[in-house]
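K.L.:
This is the structure alone, sequence omitted:
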C-alpha cells in the first residue's frame, strides 16, 4: 500500500522544512510513498476536497488555515496533516519500522520545533523566506509573495537584512549564536556521532535537517550564508547534513 | 569520599526545586553526600569564601549572583554550582552510576527547565513563592521577603492571586492548562510507566519532581491547590510523585 504524500513543488524539487521532516521519516522508515505536488494556491481547495483538516487558524482567528505536509494512508484510509502529527501517526501505525522516536522519546521530542524557535532559530526566517520566492514555480510565486508581504508588512525584497550593513551583521550574528546553543545540545551526546542522540537519528535531527535543507534551497550552496553555516561550531551542521543525506532521496 | 551538598534549610527540611533536582540525582546515583545547610543571607558570603562561582548576574547586570544548589566533590577537589551543571558533572564523573541522561539524551534534556517555563509553568511561581516564606527559618525570612518583594514590586501577601476571585480562577486555570501540555508529553511514552521516558527515570522527571516538591512545601498537602494538582490529568502528577518517592530520602 503506497502512502500519498502531499508536498509543495519548486523548480529545484522539495524545499519546505516541514514537508522535508515527513519525507525524512518516510525514507528512514522505508515506507513506500508517492508525492502529489500541490502549488500554493491549490493547497486549501485540494485539502477541502480531500477532507484533510486545517492545521491552524489564519490571523483573524476564525478562518481555517490549510497547510502541507499531509499524507493519505490507504491502509487505514486516513488523512493526516502537520509534520509532528504525521510522524506520531507513522510511528504508531508502523511499529516494526525504524523508530523516529527511539527509547520512548516521543514526549521529549514531539515539540522539538518549539525548542529550536525558543532559542531563536525563528530569527533566521527573515533571511530565508524572501529567497524561497525565486525557486517556486510561477503558479505559487504570486500567492507566496502576497501572503508573506502581508505577514512582514513590506516588500519581499526588503525583508532580509543586508549582510553589508551593520544591522545585517548584527542579525546574522544572532543566528550564529542561536546555532551555537543548538550545537551545545549536539555536543552532549557522549561524543558518539553526528545526531543529537549520538549515533541514533531521531525526529530532532529531522527537524534541524529540514531547516538546513530549507536554508540551502533558499540560498544555494555558493551563498556566503550557507558557507558560514556549514563552517559554524566546528562544522557540526556540515557533519549533520552529510549524515542525513541517506534519508533525502525522492522516491518519485 | 563524601560529596558536600549545599542546600537551603527550612522548618520542614529541603524545599527548593533546584536543590531537590540535585538531591534526586545524588540519591538515584547512590553517591554518598552530606548536606551543609546555608541560610539565604549566608549564600553569597559562603560561596565567595569557598570559591564557588556565581551562576548569574543580579538584575543590574554587573553584580554576581550566587545561588544554590552547589556541591563540593573531594575526589576531584571541584566546586560546582547550578543544578543542570551539577547533574552533567556527576554524570560524566561517575559513569558507572545509574544514568540521569539515559540513551545519550543529555543534549535533549539539559534545558528541560526552559521547556517547562516556555509552556507556562513559570506562571505558577506567583502561587508558590509567597507561601514559601512561612516555612523558612527566621534567619532566611527577612532576606527572602526583601528580595521577592523587590522582584514583584508588591508585598509578599499581595503576590498570589486569590482563588475566590475571578482573576485567581483564571490564573489557576492557566496553570492547569500548562500541566495539561506537560501531561501530553508524559502520555507519549509508549504507555510504559510513570516517567517521561516510560519506565526509565531521567533528569526531566527530576525537574518536574523538584517543582512538585516545591509546590507541596509551599502549600502543604491539605491545600486545595495541591489537591487540584494531584487530581489533574488523570492523576499523572500523583503517579509521578509516588514513583519519585524512592529518590527523596535525606541522607543526613
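P.N.:
The structure has been received and is ready for your questions. Since the model is a prediction, treat every value here as computed from it, not as a measurement.

K.L.:
helices or strands next to the one helix or strand residue A:117 maps to in the packing?
P.N.:
Using DSSP states H and E, residue A:117 falls within helix A:112-119. Helix A:112-119 is packed against helix A:166-187, helix A:203-219, helix B:112-118, with contacts defined by 3 or more CB pairs under 8 Å, 6 or more residues apart in numbering or on different chains; DSSP states H and E. Where C-beta positions appear, they are placed from N, C-alpha and C, glycine not excepted.

K.L.:
which stretch among those comes nearest residue A:1?
P.N.:
helix A:203-219 (22.8 Å; CB to CB).

K.L.:
Next, the angle from the closest one to helix A:112-119.
P.N.:
Comparing the axes of helix A:203-219 and helix A:112-119 via axes from the mean of the first three to the mean of the last three CA atoms, to 10 degrees yields an angle of 60 degrees.

K.L.:
who does residue A:70 bridge with?
P.N.:
Under DSSP bridges, the beta-bridge partners of residue A:70 are residue A:6, residue A:81.

K.L.:
near chain B, which residues of the stretch 1-150 of chain A?
P.N.:
Proximity of the stretch 1-150 of chain A to chain B is confined to A:88, A:101-112, A:114-115, A:118 under the rule CB under 8 Å from any CB of the partner chain.

K.L.:
out of these, who has the most neighbours?
P.N.:
residue A:105 (29 neighbours; other CB atoms under 10 Å in any protein chain shown).

K.L.:
Was I right to think that one contacts residue B:197?
P.N.:
Yes: Residue A:105 lies in contact with residue B:197 (CB atoms under 8 Å); the separation is 6.7 Å.

K.L.:
What are the boundaries of the strands in chain A?
P.N.:
Here chain A has its strands, by DSSP state E, at A:3-7, A:33-37, A:56-57, A:64-65, A:70-73, A:78-81.

K.L.:
can I get those strands in TSV with mean pLDDT and mean neighbour count?
P.N.:
As requested, the strands of chain A are arranged in TSV below (pLDDT from 0 to 100; neighbours: other CB atoms under 10 Å in any protein chain shown):
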stretch	mean pLDDT	mean neighbour count
strand A:3-7	98	22
strand A:33-37	97	17
strand A:56-57	94	10
strand A:64-65	96	14
strand A:70-73	98	23
strand A:78-81	98	17
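
K.L.:
one step back: list residues touching both of residue A:105 and residue B:197?
P.N.:
Common neighbours of residue A:105 and residue B:197, using CB atoms under 8 Å, 6 or more residues apart in numbering or on different chains, are B:103, B:105.

K.L.:
Next, count neighbours for residue A:221.
P.N.:
8.

K.L.:
That one and residue A:23: what is the separation?
P.N.:
19 Å (CB to CB, to the nearest Å).

K.L.:
what does residue A:6 give?
P.N.:
In terms of CB to CB, residue A:6 sits 11 Å off from residue A:23.

K.L.:
Would you tell me which of the strands of chain A gets closest to residue A:170?
P.N.:
Short answer: strand A:56-57, nearest of the strands of chain A by CB to CB, at 31.1 Å.

K.L.:
quick one on the thing from earlier: list residues touching both of residue A:6 and residue A:23?
P.N.:
Common neighbours of residue A:6 and residue A:23, using CB under 8 Å, 6+ apart, are residue A:69.

K.L.:
show me what contacts the nearest residue to residue A:181 once chain neighbours are set aside?
P.N.:
If the residues on either side of it in the chain are set aside, residue A:181 comes closest to residue A:119, at 4.5 Å by CB to CB, 6 or more residues apart in numbering or on different chains. Contacts of residue A:119 were listed using CB under 8 Å, 6+ apart, and they are A:178, A:181-182.

K.L.:
Weed out the non-buried ones from those residues.
P.N.:
Using 16 or more other CB atoms under 10 Å in any protein chain shown as the burial test, the contacts of residue A:119 include A:178, A:181-182 as buried.

K.L.:
Closest one to residue B:164 out of those residues, please.
P.N.:
Within the buried ones among the contacts of residue A:119, proximity to residue B:164 (CB to CB) peaks at residue A:181, which comes in at 42.7 Å.

K.L.:
from what I can see residue A:130 touches residue A:154, true?
P.N.:
No: judged on CB under 8 Å, residue A:130 makes no contact with residue A:154 at a distance of 9.9 Å.

K.L.:
Report the contact partners of residue A:234.
P.N.:
residue A:183.

K.L.:
before we move on, back to that, please identify which of residue A:130 and residue A:154 sits among more neighbours.
P.N.:
Taking neighbours as other CB under 10 Å, residue A:130 and residue A:154 compare with residue A:130 leading, 22 against 11.

K.L.:
Distance of the more buried one relative to chain B?
P.N.:
28 Å (CB to the nearest CB, to the nearest Å).

K.L.:
and that residue, what does it touch?
P.N.:
A:148, A:156-157, A:159-160.

K.L.:
which of these count as buried?
P.N.:
A:148, A:156, A:159-160.

K.L.:
Format those as JSON lines; extra columns: distance to residue A:201 and pLDDT.
P.N.:
Formatted as JSON lines, the buried ones among the contacts of residue A:130 follow (distance: CB to CB, whole Å; pLDDT from 0 to 100):
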{"residue": "A:148", "distance to residue A:201": "32", "pLDDT": "94"}
{"residue": "A:156", "distance to residue A:201": "34", "pLDDT": "95"}
{"residue": "A:159", "distance to residue A:201": "33", "pLDDT": "95"}
{"residue": "A:160", "distance to residue A:201": "31", "pLDDT": "94"}
